[in-house]
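Student: prediction below, plus the sequence it came from.
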Amino acid sequence: MRIDPQKCVACGNCVAVCPMGAISIDTAKNRAVVQSDECVECYTCYRGMSMETLNPTLIRTIRRLLKAFRLRFDPEPDVCPTSAITPDELTWPRVVRRAFSDPVVTHESTGVHGRGTEEVKTNDVTRRIGIGEVGYVVEFGRPTVGVRFRDIEKMTQALAATGIEFEAKNPVTHLMSNKATGKLRDDILNEKILSAIVEFKTRIDNVPVVLRRVEDVARTLETVVAVGVSTRCSENGESALDTLLADEGFAFARGKTNLGLGRAIAKS
Ligand code: SF4
Ligand code: SF4
């Protein structure tokens, strides 16, 4: 994203809107500027603000005049009064920033919006996670923090070494140059995104090894990591996963139980 210095009147409205803190006011130039390396191309500023078309010269003159009387002209907080926020033409590899950060953009490789697939939320239909298996989602980054692919790669490589199976339809899997080792494409490693989800599955016995590996690697990363595990419940709603996690000393909360009301399309 770019801010047109010819149009910007330095009202500061867009500064608070950016979830990455990538926009600031350059007080020497009296214009807003985007720190390009921190911008994740989420389009929140461009799409989230109302773009008005007031004359920049007129607005600057009014602001200067009012300032002389210790008054201010402030547009409504969700407005860029001069339509100064301008999307750049994104090319590879920068375009992956938008694919993972703008929820209305469909990921070209998978047809999935944003960061991951439906995970196991539709497992009653997809049967992606079979009986005795556990599905994992490892989530990286949050607004204000973000994540670079080089940190995601540290995790995927460490996890690959435990013999896991990455979900083929996941957008991060698609960016791997080697799915067996978890190596990501070299040209995206420095790209920063709002967040990403890595998905994979193992047999239930592997849960302790995998979770300890996630815990160890997460401590070395310059971002935040959240992990979810899921499995099939018995008819009574019980699962072996609960006991296993408790025995291994992992604090957990059962976040969601899907009742399996969908129509199954595959048997396993
Ligand atoms: S909202 Fe528009 S005019 Fe105001 S600082 Fe941002 S880019 Fe400049
Ligand atoms: S596109 Fe997103 S990250 Fe970039 S400047 Fe706008 S709000 Fe901030």
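Tutor: Structure received. Ligands and ions are numbered 1, 2, ... in the order given.
Student: how close does residue 176 get to residue 168?
Tutor: Distance of residue 176 to residue 168, computed by CB to CB, to the nearest Å: 10 Å. All C-beta spots, glycine's among them, are computed from the backbone N, C-alpha and C.
Student: I meant to write residue 141 there.
Tutor: 22 Å.
Student: neighbour-wise, which of those two wins?
Tutor: Shown here are residue 141 and residue 168; by other CB atoms under 10 Å, residue 141 has more neighbours (26 against 11).
Student: quick one, what contacts the more buried one?
Tutor: 147, 193, 194, 195, 196, 223, 224 (CB atoms under 8 Å, 6 or more residues apart in numbering).
Student: run through the helices of this structure in chain order.
Tutor: Counting by DSSP state H, the chain has these helices, from start to end: 13-17, 44-48, 56-68, 95-101, 123-126, 149-160, 171-174, 207-218, 240-247.
Student: burial check on residue 236, number of neighbours?
Tutor: Residue 236: 6 neighbours (other CB under 10 Å).
Student: same check, this time on residue 131
Tutor: By the criterion of other CB under 10 Å, residue 131 has 9 neighbours.
Student: next one, pLDDT for it please.
Tutor: Residue 131 carries a pLDDT value of 88.
Student: any idea how far it lies from residue 232?
Tutor: Computed as CB to CB, the residue 131 to residue 232 distance reads 6 Å.
Student: same question, residue 182
Tutor: Distance of residue 182 to residue 232, computed by CB to CB: 26 Å.
Student: give me the more crowded residue out of those two.
Tutor: Shown here are residue 182 and residue 232; by other CB under 10 Å, residue 182 has more neighbours (25 against 21).
Student: so the more buried one makes contact with residue 153?
Tutor: Yes: with contact defined as CB atoms under 8 Å, residue 182 reaches residue 153; the gap is 7.0 Å.
Student: the closest residue to ligand 2 within the stretch 101-250 of the chain: how many residues sit nearby?
Tutor: Closest approach between the stretch 101-250 of the chain and ligand 2, counting by CB to the nearest ligand atom: residue 101, at 6.9 Å. Using other CB under 10 Å, residue 101 is surrounded by 26 other residues.
Student: ok, residue 28 next?
Tutor: 6.
Student: before we move on, what about residue 246?
Tutor: Neighbours of residue 246 (other CB under 10 Å): 11.
Student: what's the answer for residue 256, then?
Tutor: For residue 256, using other CB under 10 Å, the count is 9.
Student: how about it, what does it touch?
Tutor: Going by CB under 8 Å, 6+ apart, residue 256 touches residue 121.
Student: go again using 10 Å as the cut-off
Tutor: Contact analysis of residue 256 by CB atoms under 10 Å, 6 or more residues apart in numbering lists 120, 121, 228, 230.
Student: filter these down to the buried ones, ChimeraX style.
Tutor: A single ChimeraX command selects the buried members of those (16 or more other CB atoms under 10 Å):
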select :120,228,230
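Student: alongside ligand 2, which residues does this structure contribute?
Tutor: 1, 18, 20, 22-23, 34, 39-45 (CB under 6 Å from any ligand atom).
Student: so where's the stretch 151-268 of the chain shaky on pLDDT?
Tutor: 260, 262-268 (pLDDT under 70).
Student: got the residue ranges for the strands in it?
Tutor: Counting by DSSP state E, counting those that start in this stretch, the stretch 151-268 of the chain has strands at residues 165-166, 176-178, 183-184, 192-193, 196-203, 225-230.
Student: which residues touch the second one?
Tutor: Counting by CB under 10 Å, 6+ apart, strand 176-178 makes contact with 153, 156-157, 160, 166, 170, 182-188, 198, all of which sit outside it.
Student: which residue does the stretch 151-268 of the chain have closest to ligand 1?
Tutor: Ligand 1 sits closest to residue 194 of the stretch 151-268 of the chain, with a gap of 19.9 Å, by CB to the nearest ligand atom.
Student: that residue reaches residue 20, doesn't it?
Tutor: Yes: between residue 194 and residue 20 a contact is recorded at 7.3 Å, counting by CB atoms under 10 Å.
Student: distance of residue 238 from residue 257?
Tutor: 11 Å.
Student: typo on my end, it should be residue 126
Tutor: 17 Å.
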